[in-house]
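Build me a model from this:
(chains A, B, C and D)
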Number of protein chains: 2
Amino acid sequence: MVSPTYNPQFRAELDRRKQQSVLQLLFRTARLTNELSLARAQGALKLPNLRAAHLSVFPHIDLEGTRSTELARRMDISKQAVGQLLDELEGFGVIQRAKDPADGRARLVQFTERGALGMLTGLKLLEGVEDQMTTHLGKKSMQDLHRTLLKLDQLLSSGALRGE
Amino acid sequence: MVSPTYNPQFRAELDRRKQQSVLQLLFRTARLTNELSLARAQGALKLPNLRAAHLSVFPHIDLEGTRSTELARRMDISKQAVGQLLDELEGFGVIQRAKDPADGRARLVQFTERGALGMLTGLKLLEGVEDQMTTHLGKKSMQDLHRTLLKLDQLLSSGALRGE
DNA sequence: TGAATTAGTCAAGTAAGGTTGACTAATTAC
DNA sequence: GTAATTAGTCAACCTTACTTGACTAATTCA
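The predicted structure follows:
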C-alpha cells in the first residue's frame, strides 16, 4: 500500500472532506456567534470583564431567585465554583443575594434591576443579531434553520448517536 | 416602573425569548456535536487522552509536512504553545517531525501513517454522524442547513455584524 | 564575513475554570 | 433533644491552554 500521507488521491479526498463538512460549519458558526454575543452582552451591561462563564449562569437564575446550591446542581459544577462566579457577578452589580425566608442558611440569588434590564437588553441584542441574519439570509432560510436545529438538538440530546 | 424582576409579563417575555432563540440552538447543537466528534476521534485513534486542543492542530497540518512556526502562525498562538501540543501528539504516535531539507533549523510536522489513517477514519466517522443526521432530519433539511450555515459563516466572518 | 533574523527549545508564569476537604451555622429527621 | 443533613464559605490545589523571556543553532542580508 502507498503511504496515505503522500498519496495525492488521499490528499484530495481529505481536502474535499474538510471543505464540505456541515459539522465544521456548525462549529465555526457557533464559535463566531458566541464571540459576537459575548461582545454584545459586555456592551449592553457595560462590563468588558464579563466572561462566557458568567453568561452561562444567567439562564439558570429564576426571576424569583435561586439558591446557589441549586445553580450548582443545574450547571453540574461544584457549589464552590458557582460561589466564585456569583461573587464576581455581585461585584459587577448584576446579581444580589437576599435572605431566603424559607431557610435561614440559604440565600436567594436574584438579578438586580440593572442585571435584569441588562439581560433583557442583551437578549434583545441577540434578537438583533438574529434579525440581521434574517435580513442577510432570508426569512425562509432562518425558519428552516430554526426547525432543523431544533430537530438536531433533540436528536443529539436523545443519545441516539452516542450508541454507535 | 415596576421592578422587571418580579413583573410576570417581563418574566414571560424572558422565557419566550430563551425558548425561541436560533442562536441558543446553534450554541447548543454545536457543543453537543463537538463532544460527539471528540469522542469519536478518541475512539478512532484509540486515544482517550486526545483533547480538543490536539484536534484543532490537525486541519493545519499539510500532508507534505508543515513547520511548527507556520502552524503557530495559522492557529494564531505562540510557537511554544504549538510545540507542546506537538510533543503530546508525537507521544501519541499521531505525528512525527522530519528534517526540513530546505532549512537546517526547521523540522516538518507530518502525520504518521497511523495518524493519517486515523484522521481519515475520524473524518469518515464525522461523515457517519452527518449521515445519521441526514437519516433523521431528511436530505433536503441537511442540504438547506449546509447552504444556510455556509452563508451564515460568510456573514459572520465578513465582520458585517460586528460594526453595530 | 559579520550582523541581523529565524526555527525551535527550555523554563517560568498566568488566567480561567474548575476540584476537594474542612469548617460553621441552620435545619430536618427521628 | 440529639444526630444527621444541608447551605454556604474558606483555603488549597489542579488541569488546560495558553503567554513571555531567554537561549542555541542555522540561515539570510548587505
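
going forward, measure contacts and count neighbours with C-alpha atoms only.
Fine.

In contact with the closest residue in space to A:Ile95 that isn't next to it in sequence, which residues?
Excluding the flanking residues, the one nearest A:Ile95 by CA to CA, 6 or more residues apart in numbering or on different chains is A:Phe111, at 4.3 Å. Neighbouring residues of A:Phe111 by CA atoms under 8 Å, 6 or more residues apart in numbering or on different chains: A:61, A:63, A:65, A:94-96, B:5.

in terms of contact, does A:Glu130 touch B:Gln24 like I think?
No. A:Glu130 is beyond contact range of B:Gln24, at 10.7 Å (criterion: CA atoms under 8 Å).

returning to that earlier point: where does the residue nearest to A:Ile95 fall, phi/psi-wise?
Dihedral pair for A:Phe111: phi -70, psi 140, per degrees, to the nearest 10.

returning to that earlier point: lowest-confidence one in the contacts of A:Phe111?
Lowest in pLDDT among the contacts of A:Phe111 is B:Thr5, which has 45.

so what's the residue in chain A that DNA strand D sits nearest to up against?
Residue nearest to DNA strand D within chain A (CA to the nearest atom of the strand): A:Ala106, separated by 3.3 Å. A:Ala106 sits next to A:67, A:99-100 when contact means CA under 8 Å, 6+ apart.

So what does it have for phi and psi?
Backbone torsions of A:Ala106, given as degrees, to the nearest 10, read phi -90, psi 160.

same question, A:Asp76
Backbone torsions of A:Asp76, given as degrees, to the nearest 10, read phi 60, psi 40.

Give me the mean pLDDT for stretch A:78-88.
Stretch A:78-88 comes out at a mean pLDDT of 98.

repeat for stretch A:113-129
82.

try stretch A:35-44
Stretch A:35-44 carries an average pLDDT of 86.

Turn the contacts of A:Ala106 into TSV, columns for neighbour count, distance to A:Asp87 and secondary structure.
Output for those, formatted as TSV (neighbours: other CA atoms under 10 Å in any protein chain shown; distance: CA to CA, whole Å; DSSP: H, G, I helix; E, B strand; the rest coil):
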residue	neighbour count	distance to A:Asp87	secondary structure
A:Arg67	19	14	strand
A:Lys99	13	16	strand
A:Asp100	15	18	coil
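
just curious, which of the residues you listed is nearest to DNA strand C?
The nearest member of these to DNA strand C, counting by CA to the nearest atom of the strand, is A:Asp100 at 8.4 Å.

contacting residues around the closest residue to the closest one other than its chain neighbours?
Sequence neighbours aside, A:Arg107 is the residue nearest to A:Asp100 in space, at 4.9 Å (criterion: CA to CA, 6+ apart). The neighbourhood of A:Arg107, defined by CA under 8 Å, 6+ apart, consists of A:66-68, A:97-100.

any idea how far A:Arg107 lies from A:Glu64?
Look at A:Arg107 and A:Glu64: by CA to CA, to the nearest Å, they are 12 Å apart.
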